[in-house]
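> Provide a 3D model corresponding to the input given below.
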Amino acid sequence: MFASCVPVRAPAPPLAAGAAVRWCEQVPRTANRALERVKVASSWFDVYRVEEGVFALIEASQFQEAISYLIVGTKRALMFDTGIGLIPIRPVVEQLTKLPIEVLNSHTHYDHVGGNAEFDRILALGTPYTRANQRGFPHAELAGEVAPESFCRGAPAGADTAAFQTRAWSPSRIIADGDTVDLGGRVLEILHVPGHTPDALALLDRAKGLLWTGDSYYDATIWLYVPETDLDDYERSMSRMAALVPALKRLLPAHNTASADPVHLVLGKDAIRQVRAGAFHGVEQTNNRIVFWFPDFAILTSKPLLEGKRGDQVRGGSGLTAWP
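Now for the predicted structure:
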């Protein structure tokens with residue numbers, strides 16, 4: 001089954017000719033327009049109230065359309081991801097809450113840890129992959145992410161695109177699968193869901209029926225092509241999350257839209273199994289990549305991974321590295 005109207009998270013670098021124009025025409029996304037817009041003093045972050053005490057901070061003018069979430073309790077708040085790092089995120093967060101803030105990343109690709117260094121309380125897994133990524137990512141790895149065609153309306157004012165990099169950061173607490181974060185009146189459960197990366201996490205609010213999925217699922221082209229991706233792990237993690245669907249009210253993904261239908265986890269679980277079983281023909285791209293289109297999303301993976309090869313799970317990665 002194929003579709004031509006899937007929201008695009010265009011593979012980069014570089015963007016295909018004309019891709020920026022087509023993508024910009026879809027911003028703000030329909031699902032985001034249905035949410036309550038929150039006014040903040042920022043021309044870069046679009047902020048929406050997704051649920052009571054849950055804010056989505058979307059960097060909609062850069063093609064990744066990365067989404068970071070501020071989750072507020074009565075005693076403290078949690079940032080789930082900190083964005084790309086082009087513009088400081090903490091000043092925006094402090095307009096939304098005065099409570100103490102902790103950070104937890106859905107995984108440690110560059111576009112989710114960019115603002116980590118702005119915070120002093122960071123929760124993280126203790127995997128070798130996570131530790132490797134704590135050193136930050138140099139400009140040479142990220143230059144394509146700040147090329148002119150990566151933006152809708154140009155780079156944000158004050159951003160130094162010529163030297164853009166992510167800064168090093170250190171965790172204040174090592175966490176594990178099943179740990180909880182009590183914000184006061186809201187308890188969040190940490191789920192280790194490896195696959196997209198070895199350190200991929202989901203965040204579950206059982207009482208509210210909310211699941212933050214990180215990059216394991218979003219309504220766009222799901223990137224599963226980098227060497228650190230493990231498709232066996234991804235299948236298992238998707239099955240684990242799909243089992244939660246009957247109790248879920250909403251998914252909160254890390255790209256494009258801040259709200260998705262939980263049943264899409266079931267569709268995603270079935271899709272990756274069918275792709276790996278050879279039930280679909282994909283469209284070949286550069287750098288050994290191949291994309292499979294479905295009605296609500298697409299799967300971008302690589303030939304080596306489909307052939308059962310395994311990449312380096314230890315040395316870290318920005319999320320942009322292709323197979324040779």
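
> poorly predicted segments of the stretch 201-324 of the chain, please.
Scanning the stretch 201-324 of the chain for pLDDT under 70 picks out no residues.

> show me where the stretch 1-150 of the chain has helices.
Ranges of helices in the stretch 1-150 of the chain, per DSSP state H, counting those that start in this stretch, are 19-24, 30-33, 90-96, 110-113, 128-133, 139-142.

> for the stretch 201-324 of the chain, that is, sorry about that
Along the stretch 201-324 of the chain, the stretches classed as helices by DSSP H, counting those that start in this stretch are 231-242, 263-276, 303-306.

> residue 66: which of those is closest?
Of all the helices of the stretch 201-324 of the chain, it is helix 263-276 that lies closest to residue 66, at 19.2 Å by C-beta to C-beta. The way it works is simple: take the backbone N, C-alpha and C, and place the C-beta from them, glycine included.

> what lies in contact with that closest one?
Residues outside helix 263-276 that contact it (C-beta atoms under 8 Å, 6 or more residues apart in numbering): 213, 217, 219, 222, 224, 231, 234-235, 238-239, 241-242, 244-245, 251, 280, 282, 292, 294, 296-297, 299, 301, 306.

> what angle separates it from helix 231-242?
Using axes from the mean of the first three to the mean of the last three C-alpha atoms, to 10 degrees, the interaxial angle of helix 263-276 with respect to helix 231-242 works out to 160 degrees.

> which non-adjacent residue is nearest the most centrally placed residue in the chain?
Among the residues of the chain, residue 254 comes closest to the average C-alpha position under C-alpha atoms, centre = their mean, at 3.5 Å. Spatial nearest neighbour of residue 254, chain neighbours left out: residue 214 (4.9 Å); criterion: C-beta to C-beta, 6 or more residues apart in numbering.

> show the contacting residues for that neighbour.
Residues in contact with residue 214, defined by C-beta under 8 Å, 6+ apart, are 81, 106-107, 112, 193, 196, 200-202, 253-254.

> one more time with 10 Å, if that's ok
67, 80-81, 105-107, 109, 112, 191, 193, 196-197, 199-203, 252-255 (C-beta atoms under 10 Å, 6 or more residues apart in numbering).

> next: residue 93.
If you count contacts by C-beta under 10 Å, 6+ apart, then residue 93 has 40, 45, 47, 55, 57, 68, 70, 77, 79, 82, 101, 103, 115, 118-119 around it.

> repeat that for residue 127.
Residues near residue 127 by C-beta under 10 Å, 6+ apart: 108, 133, 174, 192, 194, 197-199, 313-314, 316.

> what's stretch 230-237 in contact with?
Contacts made with stretch 230-237 from outside it, assessed by C-beta under 10 Å, 6+ apart, are listed as 191-198, 200-202, 213, 216-217, 222, 224, 268-269, 272-273, 275-276, 299, 301-302, 305-306, 308, 310-311, 313.

> buried subset of those residues?
If you count burial by 16 or more other C-beta atoms under 10 Å, the buried members of those come out as 191-198, 200-202, 213, 216-217, 222, 224, 268-269, 272, 275-276, 299, 301-302, 305-306, 311, 313.

> circling back to that earlier point, check contacts around the residue nearest to the centre of the chain.
Contacts here follow C-beta under 10 Å, 6+ apart; on that basis residue 254 touches 56, 64-69, 80-81, 83, 105-107, 109, 111-112, 196, 212-218.

> one more: residue 35?
28-29, 46-51, 55-56, 58, 257-259.

> PyMOL command to pick out the buried ones of those?
Selecting in PyMOL just the buried members of the contacts of residue 35, where the criterion is 16+ other C-beta under 10 Å, is done with this command:
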select buried, resi 28+29+46+47+48+50+51+55+56+58+257+258+259
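
> could you dump the contacts of residue 35 into a markdown table with distance to residue 208 added?
Converted to a markdown table, the contacts of residue 35 look like this (distance: C-beta to C-beta, whole Å):
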| residue | distance to residue 208 |
| --- | --- |
| 28 | 24 |
| 29 | 22 |
| 46 | 23 |
| 47 | 20 |
| 48 | 17 |
| 49 | 14 |
| 50 | 11 |
| 51 | 7 |
| 55 | 14 |
| 56 | 15 |
| 58 | 21 |
| 257 | 18 |
| 258 | 15 |
| 259 | 13 |
